[in-house]
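A.B. asks: Predicted model, plus sequence, below.
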Amino acid sequence: MTSADAVSALANPRFPRVGPLGVVAVALAVSAFYLLVRVGPTALAQATVNGLVTGSYFALGAAGLTLVYGVLKLLNFAWGEYLTLGAYLAVLGRTAFDLPLGVALIFGAVATAVFALLLELSMWRPMRRKGAGMFQLLLMSLGLAFVMRYVIQLVAGTEVRQVGSNVTSTIRVGDIYIGRTQLWAVLVAFAALVTLAVLLRRTRLGKQIRALSDNPELAETTGVNTDRIVLVTWILAGALAGLAGVVYGASVGVITPTLGFGIVLSLFAAAILGGLGNAYGALAGGILIGLVQEWSTLVIAANLKIAVSFVVMILVLILRPQGIFGQARTAER
Amino acid sequence: MVATTFAWVSSPDFWINVAILTATYGIFALGIQLNKGTTGITNLAQAGFMAIGAYTFAILVVREGWNSWVAMLVGVGAAMVAAVLVGLPSLRLRADYFAITTLAFAEIVRYLADNSRDLTNGSQGLAGYNNDWFKLSLSMERRLDDAGIPTPGFLVPLALVSVALLLVLTLLVGALVRTPWGRVLRAIREDEDAARALGKNTLVYKLQSLALSAALAAVAGYVLAFNLTLLTPEQFDPVFTIFAYVIVILGGLGSYVGVVISSFVLMTLLEATRFVELPLPADRVAAVRFVIVGAVLMLLVAFRPQGILGKRQEMVLGE
């Protein structure tokens, strides 16, 4: 199943017209054609592969962010640090407990989920009970980002850590190269996201999460246990963040205290592009932001690629704040 | 294990440094106070506006040989124009989308500054913009010496000028928000729909608030530039903006005197931590300072959202 199939299969069936999706498809096709003419098929294919790889980390990271936003309307600026924490916990698992990489990955995800749960209980829930507004919560998350990032630096230092993944071995298909660990990373990311999609679509729990993010009052009156669903959402989102952190850290091979902070705005961009609160949208948004970043390196300086994706995010916010899948209602609330 | 010497309390260098930092962050945070405290808009682009002001000034002086004082005026103008261009489409957005847009804008500015090597020298840093300032600084020092006032260190003139600027600007902005114009800003903060119903073009007022804030950021950028002698893009990290929010919340939303006091308190606290000798390597000691800032922000927001001087009835840290 290609990403495009996955996206269309997962896309909200209530979505009415081709509209924004059509625009995105045309924009992608035009860009691809322009790049094909300008740089040739090999360079374009390589950039596309790189974009899909980066996009899969973004999708994984953005999925948790957007889940939490959907249920709590909380823009968590500390989200990058949840990823960093996951990566460092996996490093800890590898070095202190000598876990195999696959187990360390799960350890990182589970421990981050537990951490996310504890933060909800000790901080976010009490703040909500106090009736904290959007700005208060935004500032809390900025403060939390500082505390988490620098506590990690305090404990682990700024030296580069690794989870012991093989970052030199590459697989060659024709003239296209992909790192072995990167390929694994993409597979893990897609497996996790498909699991999430099935969970949200098929299970009672998933339906309750979606009901809560659609309309909290209505969900509550129809007997959804809001507190419980919020906790479950944090566990899911935390696990996704931890997983994203480990997968990202493993495939770039460099883990520092700013790992998550460096990509957090790209995660926001992915989540916004897909429609904040829309978990399926995060998948498409992540892939698109990954593609935009890598394709941009074909025509302008590579270290401007992140700035390019921010420009895309700002354009989306201004022109279509509900994202390419979101419904207008989502953006108004 | 933890040794602390209090020699810094009587060290003039320490207080000169604190004074310059208080002024830099204070002037910078006045803009955030105007935006958030008075108008109710969450501007996270302040570090970007500061970068635009400081770089415009430095580039005009270094590359084009402009007179510093003219270049500074143009830099302020550039920051204000940028604010209008950013605000025009994004101020119509919901509050949280506006916050993200402005943060992304500040990051775009930083990435561009890092990449436009011909203009900014990238991460190598841009130097040589402070000749005019040095001339003024030296003549000030001479005059102080002539008057028999001791000047411990060449940064004394900068400390004096920047603190004077902070105080003057605080009074000015404080007076400005007590005018009918300021009342409209507060009305927007309290209930934008009501302000609009009274026939006020709220977008124009919000743009003015943002542009004025950007001008203050540019001025803060000059103080920063003269303190550093080398401009690099990483000085304009969004962390600077977060510090401003800490200052504004600490001083109390809506309180301009609070900005001056809390900027001084925070900078004294942070600079003093440099003299606490922890048995840790340097990078970890640096981390302690940021943990303190983050924790102060979280604790304030959670337990004393009105800050030190804020009035609860006027300012509840809500939406």
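C.D. replies: Arrived safely.

A.B. asks: What segments of the chain are strands?
C.D. replies: Here I'm looking at chain A. Taking DSSP state E, the strands of chain A run over residues A:170-173, A:176-179.

A.B. asks: um, chain B though
C.D. replies: When assigned using DSSP E, the strands of chain B occupy the ranges B:3-4, B:276-277.

A.B. asks: rank the ones you listed by pLDDT, which is bottom?
C.D. replies: Taking the mean pLDDT of each of the strands of chain B, the lowest value is held by strand B:3-4, a mean of 60.

A.B. asks: Retrieve the pLDDT associated with the closest residue to chain A within chain B.
C.D. replies: For chain B, the residue positioned closest to chain A under C-beta to the nearest C-beta is residue B:294, at a distance of 2.8 Å. Where C-beta positions appear, they are placed from N, C-alpha and C, glycine not excepted. The score at residue B:294 is 93. That number is its pLDDT.

A.B. asks: Count residues in the vicinity of it, would you?
C.D. replies: The number of residues packed around residue B:294, counting by other C-beta atoms under 10 Å in any protein chain shown, is 23.

A.B. asks: got it, and the one 10 residues further on?
C.D. replies: By other C-beta under 10 Å, 15 other residues sit near residue B:304.

A.B. asks: ok, it - contacts?
C.D. replies: Listed by C-beta atoms under 8 Å, 6 or more residues apart in numbering or on different chains, residue B:304 has no contact partners.

A.B. asks: that older thread, can you tell me the closest non-neighbouring residue to the residue of chain B closest to chain A?
C.D. replies: Closest residue in space to residue B:294, ignoring its immediate chain neighbours: residue A:146 at 2.8 Å, by C-beta to C-beta, 6 or more residues apart in numbering or on different chains.

A.B. asks: cool, residue B:14 as well?
C.D. replies: Taking C-beta to C-beta, 6+ apart as the measure, residue B:14 lies nearest to residue B:8, with 4.5 Å between them; neighbours along the chain are not counted.

A.B. asks: any idea how far residue B:15 is from the one you found?
C.D. replies: Computed with C-beta to C-beta, to the nearest Å, the distance linking residue B:8 and residue B:15 is 9 Å.

A.B. asks: Next: residue B:132.
C.D. replies: In this structure, residue B:132 and residue B:15 are separated by 26 Å, where distance is defined by C-beta to C-beta.

A.B. asks: Give the buried residues for stretch B:65-84.
C.D. replies: For stretch B:65-84, the neighbour count (16 or more other C-beta atoms under 10 Å in any protein chain shown) marks B:66, B:68, B:71-72, B:75-80, B:82-83 as buried.

A.B. asks: The residues you listed: which ones sit near chain A?
C.D. replies: Filtering the buried residues of stretch B:65-84 for neighbours of chain A using C-beta under 8 Å from any C-beta of the partner chain leaves an empty set.

A.B. asks: mind giving me JSON lines with those residues and columns for pLDDT?
C.D. replies: As requested, the buried residues of stretch B:65-84 are exported to JSON lines (pLDDT from 0 to 100):
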{"residue": "B:66", "pLDDT": "94"}
{"residue": "B:68", "pLDDT": "94"}
{"residue": "B:71", "pLDDT": "97"}
{"residue": "B:72", "pLDDT": "97"}
{"residue": "B:75", "pLDDT": "98"}
{"residue": "B:76", "pLDDT": "98"}
{"residue": "B:77", "pLDDT": "98"}
{"residue": "B:78", "pLDDT": "98"}
{"residue": "B:79", "pLDDT": "98"}
{"residue": "B:80", "pLDDT": "98"}
{"residue": "B:82", "pLDDT": "98"}
{"residue": "B:83", "pLDDT": "98"}
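
A.B. asks: which residues in the stretch 51-200 of chain B form helices?
C.D. replies: Taking DSSP state H, counting those that start in this stretch as the criterion, the stretch 51-200 of chain B carries its helices at B:68-90, B:95-115, B:117-120, B:131-146, B:156-176, B:180-190, B:192-197.

A.B. asks: Deepest-packed of those, please.
C.D. replies: Among the helices of the stretch 51-200 of chain B, the stretch with the highest mean neighbour count (mean count of other C-beta atoms under 10 Å in any protein chain shown) is helix B:95-115, at a mean of 23.

A.B. asks: other SSEs contacting that helix?
C.D. replies: Using 3 or more C-beta pairs under 8 Å, 6 or more residues apart in numbering or on different chains; DSSP states H and E, the elements in contact with helix B:95-115 are helix A:134-156, helix A:264-274, helix A:305-319, helix B:46-64, helix B:68-90.

A.B. asks: Let me have these in JSON lines, adding distance to residue A:99 as columns.
C.D. replies: Formatted as JSON lines, the entries for the helices and strands packed on helix B:95-115 read as follows, by distance: least, C-beta to C-beta, whole Å:
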{"stretch": "helix A:134-156", "distance to residue A:99": "17"}
{"stretch": "helix A:264-274", "distance to residue A:99": "26"}
{"stretch": "helix A:305-319", "distance to residue A:99": "32"}
{"stretch": "helix B:46-64", "distance to residue A:99": "40"}
{"stretch": "helix B:68-90", "distance to residue A:99": "46"}
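
A.B. asks: Which of those helices sits closest to residue A:27?
C.D. replies: Residue A:27 lies closest, by C-beta to C-beta, to one member of the helices and strands packed on helix B:95-115: helix A:305-319, at 9.9 Å.

A.B. asks: The closest one close to chain B?
C.D. replies: Yes - contact of helix A:305-319 with chain B (C-beta under 8 Å from any C-beta) involves A:306-307, A:310-311, A:313-314, A:317-318.

A.B. asks: tell me how far the longest helix anywhere in chain B is from the chain's mean position?
C.D. replies: Residue-count comparison of every helix in chain B, with assignments taken from DSSP state H, identifies helix B:202-228 as the longest. Using C-alpha atoms, centre = their mean, to the nearest Å, we find the averaged C-alpha position of helix B:202-228 to lie 8 Å away from the chain's own average C-alpha position.

A.B. asks: likewise stretch A:187-203?
C.D. replies: Here stretch A:187-203 shows a centroid-to-chain-centroid distance of 13 Å under the convention C-alpha atoms, centre = their mean.

A.B. asks: Can I get it in PDB, CA atoms only?
C.D. replies: What follows is the C-alpha trace of stretch A:187-203 in PDB, where atoms were taken according to Å, rounded to 0.1, in the frame of the first residue of the first chain:
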ATOM      1  CA  LEU A 187       8.400   0.500   8.300                       C
ATOM      2  CA  VAL A 188       8.100   1.000  12.000                       C
ATOM      3  CA  ALA A 189       6.500   4.400  11.500                       C
ATOM      4  CA  PHE A 190       3.900   3.100   9.000                       C
ATOM      5  CA  ALA A 191       3.200   0.000  11.100                       C
ATOM      6  CA  ALA A 192       2.500   2.300  14.100                       C
ATOM      7  CA  LEU A 193       0.300   4.700  12.100                       C
ATOM      8  CA  VAL A 194      -1.700   2.000  10.500                       C
ATOM      9  CA  THR A 195      -2.200   0.400  14.000                       C
ATOM     10  CA  LEU A 196      -3.400   3.800  15.200                       C
ATOM     11  CA  ALA A 197      -5.700   4.200  12.300                       C
ATOM     12  CA  VAL A 198      -7.300   0.800  12.800                       C
ATOM     13  CA  LEU A 199      -7.600   1.600  16.500                       C
ATOM     14  CA  LEU A 200      -9.300   4.900  15.800                       C
ATOM     15  CA  ARG A 201     -11.600   3.500  13.100                       C
ATOM     16  CA  ARG A 202     -12.500   0.100  14.400                       C
ATOM     17  CA  THR A 203     -12.400   0.000  18.200                       C
END
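
A.B. asks: so how far is chain B from the nearest residue in space to residue A:193 that is not next to it in sequence?
C.D. replies: Once its chain neighbours are removed from consideration, residue A:193 has its nearest residue in residue A:283; the separation is 5.4 Å (C-beta to C-beta, 6+ apart). To chain B, residue A:283 is 20 Å away according to C-beta to the nearest C-beta, to the nearest Å.
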